[in-house]
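[1] Make a model of this:
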Amino acid sequence: MVQIGKKCTLDVVKQVDFGVYLNAHDLGQVLLPNKVVPNGCQVGDKVDVFLYLDSEDMVIATTKMPQAQVGEFAYLKAVATGPYGAFLDWGLEKDLLLPFSEQLREVEVGRSYLVHIYRNSADERIVASTKLDKFLDLTPPPYKNGQEVSLIIGGRTDLGYKAIIDHSHWGVIYNNEVFRTLKFGQRLKGFIKRVRTDDKIDLILQRGVKQELDKHATSIIFKLKQAGGFLPLNDKTDADIIYAQLGMSKKAFKKSIGGLYKGKQISIDVDGIRLLD
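    Below is the predicted model of the structure:
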């Protein structure tokens, strides 16, 4: 179904001096202006386009693709303000309106904001909102454990990072399972760790990593208990010594003690690691 605010593939049905017309089905024939018409485009060709409303609220097509389409989330920079709200750069000539009524707090030009893009039912205009919660978790989570998903980092909590899953649901990546820097608005791949009975979703960034880390962490705790709660090993220790004593790589050791430290199971000191009560 062809919709305003969505990407689609349409047939060229007519050529004119100022562009070509595309068959947009229920929306009628839609103009694709000359400046974005592909070279050699002819009647009968299929063209990948994005449909939106121009400054006169007429449906128009472009071969330029925005950073996100209707129904999706994106991290966009505010480039101007006006009497109706702020305007965001989303990759098209016409900036995206973020109405005052859809702003959680006053928007500053030059700063970027995580927004949901939707079509206003009153006038069909494409607009943005920073009130993310009203667009998320509206349906039961359809995910399976281990399923690969797309993520957008949406904030920090005491537990870890909130992330938007496939533009549909909130999930959490826990602090003890994060081993790289994550930034607000960052897009990345992740995996469903589990969907809980309350429909909350736990995430991991690499499939199988938690199981491997659990194995190494368990081994480190066992060795610590055997040694009376202290091992003269830390991230400065030579990799060969770590392997000889623990049977794991230095990289795996560093990740595991990082997780144990965040979980308040060990302390990391200059002379080694210690088991905490």
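
[2] Could you list the low-pLDDT ranges of this structure?
    Low-confidence regions of the chain, defined by pLDDT under 70, span residues 179, 207-214.

[3] run the last query once more with 50
    Along the chain, segments meeting pLDDT under 50 are nowhere present.

[4] How about the closest residue to residue 201 other than its chain neighbours: which residues does it bridge to?
    Counting by CB to CB, 6 or more residues apart in numbering, residue 171 is the residue found nearest to residue 201 once chain neighbours are left out, at 3.9 Å. In short, each C-beta sits where N, CA and C put it, glycine included. Under DSSP bridges, the beta-bridge partners of residue 171 are residue 163.

[5] Looks like residue 171 contacts residue 199 (just checking).
    No - the pair residue 171 / residue 199 is not scored as a contact, 10.8 Å apart, by CB atoms under 8 Å.

[6] and those two? which has more neighbours close in?
    Between residue 171 and residue 199, counting by other CB atoms under 10 Å, residue 171 is the more crowded of the two (26 against 11).

[7] got the contact list for the more buried one?
    Counting by CB atoms under 8 Å, 6 or more residues apart in numbering, residue 171 touches 151, 162, 163, 164, 165, 190, 192, 200, 201, 202, 203.

[8] would CSV of the residues you listed with secondary structure and neighbour count be doable?
    What follows is those, written out as CSV (DSSP: H, G, I helix; E, B strand; the rest coil; neighbours: other CB atoms under 10 Å):
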residue, secondary structure, neighbour count
151, strand, 22
162, strand, 19
163, strand, 25
164, strand, 24
165, strand, 21
190, strand, 20
192, strand, 21
200, coil, 14
201, strand, 20
202, strand, 18
203, strand, 23
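
[9] Turn the residues you listed into TSV, columns for distance to residue 235.
    As requested, these are arranged in TSV below (distance: CB to CB, whole Å):
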residue	distance to residue 235
151	28
162	29
163	28
164	33
165	33
190	26
192	31
200	33
201	32
202	27
203	26
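
[10] nearest to residue 64, of these?
    Nearest to residue 64 among these: residue 164, at 24.4 Å, using CB to CB.

[11] And the residue lying closest to that closest one once chain neighbours are set aside, which helix or strand is it part of?
    Beyond its immediate neighbours in the sequence, the residue positioned closest to residue 164 (CB to CB, 6+ apart) is residue 152, lying 4.4 Å away. Element membership of residue 152 [criterion: DSSP states H and E] is strand 148-156.

[12] Noted, bye for now.
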